[in-house]
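S.K.: just to be clear, the model below is a prediction. Sequence and coordinates:
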Amino acid sequence: MSDLFDKTRRSFLLKSLLGSTGMILPTKALSFTNAGFTTNDIPKGNSDREWRKVRSKFILKSNVTYMNNASLGMPPKLVVNAVTNGYKSISVEPLIGKRELQKKIRSKTLPALARMFDVYKDDIVLTRNASEALFLQAMGVELKTGDEVLVTSQEHPAGSRPWMYRKNHDNIIIKNVFIPSPLISKKDTVNRITKEITPKTKALSFCHITRGGHLYPVKEICNEARKRNVLSLVDGAQAVGQFPINITDLGCDAYASSLHKWILAPSGTGFLYIQKESRKRIRTLFDPDFLAENPSYEPPGTKDFPLRAAIYEAVNFLQTIGLEKVNKRCRYLSNYLKQGLANFNDVKILSGADGEISAPGSTIFEKEGLDAVEAVDIVYKKIRTHIDEHQRDGHNAIRISTHVYNTKREIDKLLNALEMI
């Protein structure tokens, strides 16, 4: 198999499959057997009944509900088995097991990620998480004293702290661009960022989806950055796995993400993408003889081979279902949650109803008189449901992240519990 993903061939095959229907197919050809599905198992609609077979692929305790996927995803059983088998292989025959896992990573994991995001596999390196990838991209950008980097107010600490380090050690200027929560509109977000760009600005660092579930207009921001010869560096930790993403089409210079959230890969997995033409401006930290043709962005040392190899099972699982179906199912559940919350007089919903500026699966809201941090333990003790808090961006908010395995019944149980608190 070629080291580069053959986009031309793929485009031809997709066009052949689509014909004149105009339908959008998943970027990876369906592989029902490998993902543990039969053709009849694949949902055709959004109802809980349609998604029963998918839900059966997870091994969560029957009396527990999980609605904190935005913090840590819940891998399906086939991913758990892949990790278990990987560790077994390097225990019963260490060197052979290691070589087989390395081969799987090269021949399956990286190509599967390349297909999922429509990039060349040589432009991706695996990391432990988005935080590590964000650090690598921030530390690698070539900057001199007085250069500016724009960072938005809704960044995760992992997205802003590397820039504070560079400010202190390299004497660069960090400009914080205020983005309101909730977002006002796509145009407003783009305008707030672009109006802060000056001739000194060398890079924009921003998230695809905020921790609170607000969706940035990434393609439009990257386009404005490119016009001004400014690097666009994207944090995709909360985006990948919720809906189809074509990183090439976004036009960013770098994209960092975790794979253990919405993609449901093993904990401690992520990736960093750096666009080929941007390699001259984003250097590696690990190779003194840096060459753009062979940039060596990946941290050196022995890797967590069983985890990285099992990324393939997680990607194949979602691609078999179809990311557009995942998108619609997550939106269906979050909309049902919002409809229920709208009946509370003491609740303020902060996640927008507009799909252009809100994530499919994350919902944040404030309940009058309820501390969000305390609510996490209260809800778990009352109904054994895992949720999260969002005490940032000026909010005392609760965050609920609904993935494909959640149900309307679980949401109803949560709503009833919130009513009694």
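M.R.: All right, it came through fine.

S.K.: for this structure, longest helix please?
M.R.: Scanning the chain for the helix with the most residues, using DSSP state H, yields helix 323-341.

S.K.: pLDDT on the helix or strand just after that helix, on average?
M.R.: As assigned by DSSP states H and E, the chain's next helix or strand after helix 323-341 is strand 347-349. Per-region confidence: strand 347-349 scores 97 on mean pLDDT.

S.K.: and strand 347-349, what does it pack against?
M.R.: If you count contacts as 3 or more C-beta pairs under 8 Å, 6 or more residues apart in numbering; DSSP states H and E, strand 347-349 packs onto helix 323-341, strand 362-367. Any C-beta I mention is one placed from the backbone N, CA and C, and that applies to glycine too.

S.K.: run the angle between the longest helix of the chain and strand 362-367 for me.
M.R.: 10 degrees (axes from the mean of the first three to the mean of the last three C-alpha atoms, to 10 degrees).

S.K.: for the stretch 251-400 of the chain, give me the ranges with low pLDDT.
M.R.: 290-294 (pLDDT under 70).

S.K.: hey, where'd the helices end up in it?
M.R.: Ranges of helices in the stretch 251-400 of the chain, per DSSP state H, counting those that start in this stretch, are 305-321, 323-341, 372-383.

S.K.: hey, which of those helices is tucked in deepest?
M.R.: Counting by mean count of other C-beta atoms under 10 Å, helix 305-321 has the highest mean neighbour count of those, with a mean of 24.

S.K.: isn't Asp147 up against Lys200?
M.R.: Yes: using C-beta atoms under 8 Å, Asp147 is in contact with Lys200, at 6.1 Å.

S.K.: could you tell me which residues touch both of those two?
M.R.: Contact criterion C-beta atoms under 8 Å, 6 or more residues apart in numbering; residues shared by Asp147 and Lys200: Ile173.

S.K.: of the two, which one has the most company?
M.R.: Per other C-beta atoms under 10 Å, whichever of Asp147 and Lys200 has more neighbours is Asp147, with 17 against 12.

S.K.: ok, now how distant is that one from Leu231?
M.R.: Note on Asp147: its distance to Leu231, by C-beta to C-beta, to the nearest Å, is 11 Å.

S.K.: go on, Gly340?
M.R.: When distance is defined by C-beta to C-beta, Gly340 is 42 Å away from Leu231.

S.K.: one more: Leu259?
M.R.: Counting by C-beta to C-beta - Leu259 and Leu231 are separated by 23 Å.

S.K.: more neighbours, these two?
M.R.: Shown here are Leu259 and Leu231; by other C-beta under 10 Å, Leu259 has more neighbours (31 against 24).

S.K.: the nearest residue to that one once chain neighbours are set aside: what's it in contact with?
M.R.: Leaving aside its sequence neighbours, Leu259 sits nearest to Ala265 (C-beta to C-beta, 6 or more residues apart in numbering; 3.8 Å). If you count contacts by C-beta under 8 Å, 6+ apart, Ala265 has them with 73, 75, 79, 259, 307, 310-311, 314-315.

S.K.: again, only using 10 Å
M.R.: By C-beta atoms under 10 Å, 6 or more residues apart in numbering, the contact set of Ala265 is 73, 75, 79, 82-83, 109, 113, 240-241, 258-259, 271, 307-308, 310-315, 317-318.

S.K.: domain-wise, how is this structure divided?
M.R.: Here the domain assignment for the chain is 105-315, 324-420, based on automatic domain parsing.

S.K.: reformat these as TSV; add distance to Arg55.
M.R.: Below are these laid out as TSV (distance: least, C-beta to C-beta, whole Å):
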stretch	distance to Arg55
domain 105-315	13
domain 324-420	5
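
S.K.: which of these sits closest to Pro94?
M.R.: Set against Pro94 and scored by C-beta to C-beta, the domains of the chain come closest in domain 105-315, at 10.6 Å.

S.K.: figure out how far the closest one is from the centre of its chain.
M.R.: Relative to the centre of its chain, domain 105-315 is centred 11 Å away, using C-alpha atoms, centre = their mean, to the nearest Å.

S.K.: quick one, strands of the stretch 151-300 of the chain?
M.R.: With DSSP state E, counting those that start in this stretch as the criterion, the stretch 151-300 of the chain has strands at 173-177, 201-207, 231-235, 254-258, 270-274.

S.K.: orientation of the second one relative to strand 254-258 in degrees?
M.R.: Interaxial angle, strand 201-207 versus strand 254-258 (the same axes, to 10 degrees): 30 degrees.

S.K.: so which elements touch strand 201-207?
M.R.: Packing contacts for strand 201-207, counted by 3 or more C-beta pairs under 10 Å, 6 or more residues apart in numbering; DSSP states H and E, involve helix 130-140, strand 148-152, helix 157-170, strand 173-177, helix 186-194, helix 218-227, strand 231-235, strand 254-258.

S.K.: over to the first one?
M.R.: Taking 3+ C-beta pairs under 10 Å, 6+ apart as contact, the helices and strands that strand 173-177 lies on are strand 148-152, helix 157-170, helix 186-194, strand 201-207.

S.K.: mean neighbour count, these: which tops it?
M.R.: Most buried of these, by mean neighbour count (mean count of other C-beta under 10 Å): strand 201-207, with a mean of 24.

S.K.: for that one, list the C-alpha coordinates in PDB.
M.R.: The C-alpha coordinates for strand 201-207 follow below in PDB (Å, rounded to 0.1, in the frame of the first residue of the first chain):
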ATOM      1  CA  THR A 201       0.300  38.300  13.800                       C
ATOM      2  CA  LYS A 202       1.900  35.000  12.800                       C
ATOM      3  CA  ALA A 203      -0.500  32.400  14.000                       C
ATOM      4  CA  LEU A 204      -4.100  31.900  15.100                       C
ATOM      5  CA  SER A 205      -4.700  29.200  17.700                       C
ATOM      6  CA  PHE A 206      -8.400  28.200  18.300                       C
ATOM      7  CA  CYS A 207     -10.700  25.200  18.900                       C
END
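
S.K.: mean confidence score for it?
M.R.: 98.

S.K.: what lines up beside that strand in the sheet?
M.R.: Strand 201-207 pairs in its sheet with strand 148-152 (parallel), strand 231-235 (parallel), by DSSP bridges.
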